[in-house]
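*Asks:* model the following, please.
(one chain, ligands or ions: 1)
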Amino acid sequence: MSFPSERLRRLRRTPALRGLARETILEPADLVLPLFIRPGKNEKRAIKSMPGVFQFSTDQAVKALVPAIASGIRAVILFGIPDKKDAEASGAYAADGVVQVAARAIKAKFPGVAVIADLCFCEYMDHGHCGVVQKGEVLNDATLELSAKTAVSQAEAGCDIVAPSGMMDGQVAAIRKALDASGRESTAILAYAAKYASAFYGPFRDAAESPPSFGDRSSYQMDPANLREAMREVSLDIQEGADMVMVKPALAYLDVLRRVADAFRVPCAAYSVSGEYAMIKAAAGRGWIDERRAAMESLLCIKRAGADFVITYHAVDAARWLREAADAAFSRAGSRRGK
Ligand code: PBG
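*Replies:* Numbers count the residues shown, from 1 in each chain. Below is the predicted model:
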């Protein structure tokens, strides 16, 4: 069958027909909101390269969650910005570390929200690398001990999921073992399995105050040229006990996402990173692009490429826009607003 009997435009004629034919549905439950947590009280600091994103003290983060939850957000990922950094990343596993304090407060106020803790050391190390450094080198196995300790501390603070993002070999196994040994067998692991050494993290390093003081992260994060290697990373992380895996960044790596989603039977996340957000914001700020449409199209396409959920700085706006779109469709259909 082909033209003129086959006409794909038939199903594009009205919004309701397009709704029936739609293959990918984005929902607020698909979105994870990143939160940057500082110590102190009453702090809400704007991040220059990420308009609309803030570093919050715990009390302010809890406050910001009220409208976020009203929009439909059900999951957050926490990044800590400690007061002081050192060579042991002691702020990462302290019982009263920034992430631990925030996780407790969020869980106390909103027990139904899934709390994910980013598990990395770049924000806590004075040199800004994601692991223990000796003679200018990032040590793998010494870092695993810190990862294990940090995971247990985050779990004890009530985090539902720990998300190791340091790209150390064996980190998932080390964390799973430590969690189980401390009676935290229910704490899940979301592995940043295929995390690339990307220029798109630029604004995040402003936000988290975590740029490396020497060199770059290419000796542990992946080469953007590699896809086969991403499959090995994901496969190893699943063997080591990852409950979920992640591809990061998202937009420039949709092929990786597709391959991972097709090949493995665990939930797959995508991280739409700071640079992806900043590009849309910057172009929209100049009137060159429609922020809402560009952001929603990006998120939808990330899901179409295979993501089960997306970490995005647009999470709250996107959840609200999804609600508004659903309401608009409802009134378009001619029904009265229900109670
Ligand atoms: C820490 C970490 C980074 C991001 C998430 N966790 C930065 C990095 O690896 O340099 C980037 C997130 C973003 O750009 O939004 N390891």
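*Asks:* the helices in the chain, which residues?
*Replies:* Secondary structure of the chain (DSSP state H): helices at 15-21, 58-71, 90-93, 98-109, 140-156, 171-181, 202-207, 228-240, 254-263, 274-285, 291-304, 315-332.
*Asks:* redo these as JSON lines? Include mean neighbour count and mean pLDDT.
*Replies:* Every C-beta, even on glycine, is put in place using the N, C-alpha and C of the backbone. Written out in JSON lines, the entries for the helices of the chain read as follows (neighbours: other CB atoms under 10 Å; pLDDT from 0 to 100):
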{"stretch": "helix 15-21", "mean neighbour count": "11", "mean pLDDT": "95"}
{"stretch": "helix 58-71", "mean neighbour count": "17", "mean pLDDT": "98"}
{"stretch": "helix 90-93", "mean neighbour count": "23", "mean pLDDT": "97"}
{"stretch": "helix 98-109", "mean neighbour count": "21", "mean pLDDT": "98"}
{"stretch": "helix 140-156", "mean neighbour count": "22", "mean pLDDT": "97"}
{"stretch": "helix 171-181", "mean neighbour count": "21", "mean pLDDT": "98"}
{"stretch": "helix 202-207", "mean neighbour count": "20", "mean pLDDT": "91"}
{"stretch": "helix 228-240", "mean neighbour count": "17", "mean pLDDT": "98"}
{"stretch": "helix 254-263", "mean neighbour count": "19", "mean pLDDT": "98"}
{"stretch": "helix 274-285", "mean neighbour count": "19", "mean pLDDT": "98"}
{"stretch": "helix 291-304", "mean neighbour count": "18", "mean pLDDT": "98"}
{"stretch": "helix 315-332", "mean neighbour count": "16", "mean pLDDT": "93"}
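*Asks:* distance to residue 190 added to these, as JSON lines?
*Replies:* Conversion of the helices of the chain to JSON lines gives the following (distance: least, CB to CB, whole Å):
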{"stretch": "helix 15-21", "distance to residue 190": "32"}
{"stretch": "helix 58-71", "distance to residue 190": "20"}
{"stretch": "helix 90-93", "distance to residue 190": "17"}
{"stretch": "helix 98-109", "distance to residue 190": "15"}
{"stretch": "helix 140-156", "distance to residue 190": "12"}
{"stretch": "helix 171-181", "distance to residue 190": "10"}
{"stretch": "helix 202-207", "distance to residue 190": "17"}
{"stretch": "helix 228-240", "distance to residue 190": "10"}
{"stretch": "helix 254-263", "distance to residue 190": "13"}
{"stretch": "helix 274-285", "distance to residue 190": "18"}
{"stretch": "helix 291-304", "distance to residue 190": "16"}
{"stretch": "helix 315-332", "distance to residue 190": "16"}
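*Asks:* JSON lines for those, including distance to the ligand?
*Replies:* Shown next, in JSON lines, are the helices of the chain (distance: least, CB to the nearest ligand atom, whole Å):
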{"stretch": "helix 15-21", "distance to the ligand": "32"}
{"stretch": "helix 58-71", "distance to the ligand": "17"}
{"stretch": "helix 90-93", "distance to the ligand": "11"}
{"stretch": "helix 98-109", "distance to the ligand": "12"}
{"stretch": "helix 140-156", "distance to the ligand": "12"}
{"stretch": "helix 171-181", "distance to the ligand": "12"}
{"stretch": "helix 202-207", "distance to the ligand": "3"}
{"stretch": "helix 228-240", "distance to the ligand": "15"}
{"stretch": "helix 254-263", "distance to the ligand": "16"}
{"stretch": "helix 274-285", "distance to the ligand": "3"}
{"stretch": "helix 291-304", "distance to the ligand": "14"}
{"stretch": "helix 315-332", "distance to the ligand": "12"}
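*Asks:* looking at these, which is closest to residue 4?
*Replies:* helix 15-21 (19.2 Å; CB to CB).
*Asks:* the helices of the chain: which one's closest to residue 36?
*Replies:* Going through the helices of the chain one by one, with CB to CB as the measure, helix 202-207 comes closest at 5.4 Å.
*Asks:* and that closest one, what does it pack onto?
*Replies:* Helices and strands in packing contact with helix 202-207 are listed as helix 274-285; criterion 3 or more CB pairs under 8 Å, 6 or more residues apart in numbering; DSSP states H and E.
*Asks:* and the helix it packs on, what does it pack onto?
*Replies:* With contacts taken as 3+ CB pairs under 8 Å, 6+ apart, helix 274-285 sits against helix 202-207, helix 291-304.
*Asks:* what residues does the longest one touch?
*Replies:* Among residues not part of helix 291-304, those counted as contacts by CB atoms under 8 Å, 6 or more residues apart in numbering are 23-24, 26, 30-31, 250-251, 254, 257, 270, 272, 276, 280-281, 283-284, 310, 312, 314, 317-318, 321-322.
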